[in-house]
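Novice: just a sequence and a predicted model for now, questions to come.
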Amino acid sequence: MECSLLCCETEKELRAQADPVLLQSRVLKRLLTSQDRYLASPTYFQCVQKEIYPYMRKMLTSWMLEVCEDQRCGEEVFPLAVNCLDRFLSVVPVEKRSLQLVGATCLLIASKLKESQPITIENLCMYSDFSFTDSEMRAMELLVLNKLKWDIEAVTPRDFLPHFLELLGLSADKRQQVRKHAETFIALCTTDCTFIALPASMVAAASVAAAVTGLRPENLGLACSSLVATNYLAKAIRCDPNILRMCQEQIELSLESNLRQAGSDRTPDSKAVEEIERASTPIDVLDFEL
């Protein structure tokens, strides 16, 4: 009797399911007490950096997000990488020509920490159109780790998201819907310099509040208004509800601004130029030019 061995490999990388024990209140309290330790300096553009400006960070983080999306990284990788970037820029002056190298290195470190299959150095060099070498990235990796004192397991807004969704008591399908929208808001805040100085819990709570407001509480099966939900989240993070609502409004304004910008960029001429540019870049990721 003959038998054959079949190797059934899945294309999608398997990930561990969330541990419900980690949603206990004591874990949330620990996150709240630890988050300030990982805040970047809100004044590093004025006090530390001489060649780096906010618009450059915006370009870099947008590029980093594209790489994460193309590599199908977990949602934790991008905010952690940007946290490492901001903390590094808070203490080390960086030349303009080295900024993309620093961003790529932070992606490498974050993916090593969060992914079972990290982004390779070779791929990161390719995404940059080979503007740096693998040896330069390895040297930068050691520099970033040393300057951050190897303390890279930072608390990010993504860490608070499961806790806030649990607090709202949403059904499984509605929870996934709110999570998807909140993760989009978190990514938006991560690329926006306006939110650098805000605690991770406030960004996460405001993102969830904005998602609930946009999707409407009645459609989510919530028995309270969006204002009450925002106040409830503010209480959970020990924050003034007015401050949290201001943060939520800032997120919504940032979204509107990005949508307007995207709409204005979609003229026929600019679209044609964009398609030409994308055709000459690896894996449909635009070159990073300052």
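Specialist: The structure has been received and is ready for your questions.
Novice: all helices of this structure, in order?
Specialist: Per DSSP state H, the chain carries helices over the ranges 25-34, 44-47, 54-70, 77-89, 99-114, 121-127, 134-147, 157-168, 172-191, 200-215, 226-236, 241-265, 268-279.
Novice: what would these look like in TSV with mean neighbour count and mean pLDDT?
Specialist: Every residue, glycine included, has its C-beta placed from N, CA and C. Written out in TSV, the entries for those read as follows (neighbours: other C-beta atoms under 10 Å; pLDDT from 0 to 100):
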stretch	mean neighbour count	mean pLDDT
helix 25-34	14	87
helix 44-47	14	92
helix 54-70	18	93
helix 77-89	26	95
helix 99-114	24	95
helix 121-127	18	94
helix 134-147	15	95
helix 157-168	22	90
helix 172-191	18	90
helix 200-215	25	92
helix 226-236	19	88
helix 241-265	14	82
helix 268-279	10	42
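Novice: what does stretch 211-223 contact?
Specialist: For stretch 211-223, the external contacting residues (C-beta atoms under 8 Å, 6 or more residues apart in numbering) are 168-171, 174, 177-178, 181-182, 185, 224-226, 229-230, 248, 252.
Novice: one more time with 7 Å
Specialist: In this structure, residues lying in contact with stretch 211-223 by C-beta atoms under 7 Å, 6 or more residues apart in numbering are 168, 170-171, 174, 177-178, 181-182, 185, 224-226, 229.
Novice: ok, so of those, who is nearest Glu256?
Specialist: Taking C-beta to C-beta as the measure, Phe185 is the one of the contacts of stretch 211-223 closest to Glu256, at 12.3 Å.
Novice: residues in contact with the closest residue to that closest one other than its chain neighbours?
Specialist: Leaving out its chain neighbours, the residue that sits closest to Phe185 by C-beta to C-beta, 6 or more residues apart in numbering is Ser207, at 3.7 Å. Remark: with contacts taken as C-beta under 7 Å, 6+ apart, Ser207 is in contact with Pro157, Ala182, Phe185, Ile186, Cys189, Ile251.
Novice: sorry, back to before: with the contacts of stretch 211-223 in mind, which one is nearest to Phe45?
Specialist: Ranking the contacts of stretch 211-223 by separation from Phe45, with C-beta to C-beta as the measure, puts Phe185 on top at 23.5 Å.
Novice: quick check: the closest one touching Gln250?
Specialist: No. In this structure Phe185 lies outside contact range of Gln250 using C-beta atoms under 7 Å: 10.8 Å.
Novice: quick one on the thing from earlier: got the contacts of stretch 211-223 as CSV, with distance to Arg26 columns?
Specialist: Formatted as CSV, the entries for the contacts of stretch 211-223 read as follows, by distance: C-beta to C-beta, whole Å:
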residue, distance to Arg26
Leu168, 19
Leu170, 22
Ser171, 25
Lys174, 26
Gln177, 28
Val178, 24
His181, 28
Ala182, 23
Phe185, 27
Cys224, 25
Ser225, 30
Ser226, 28
Ala229, 23
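Novice: that's all I had, so thanks and see you.
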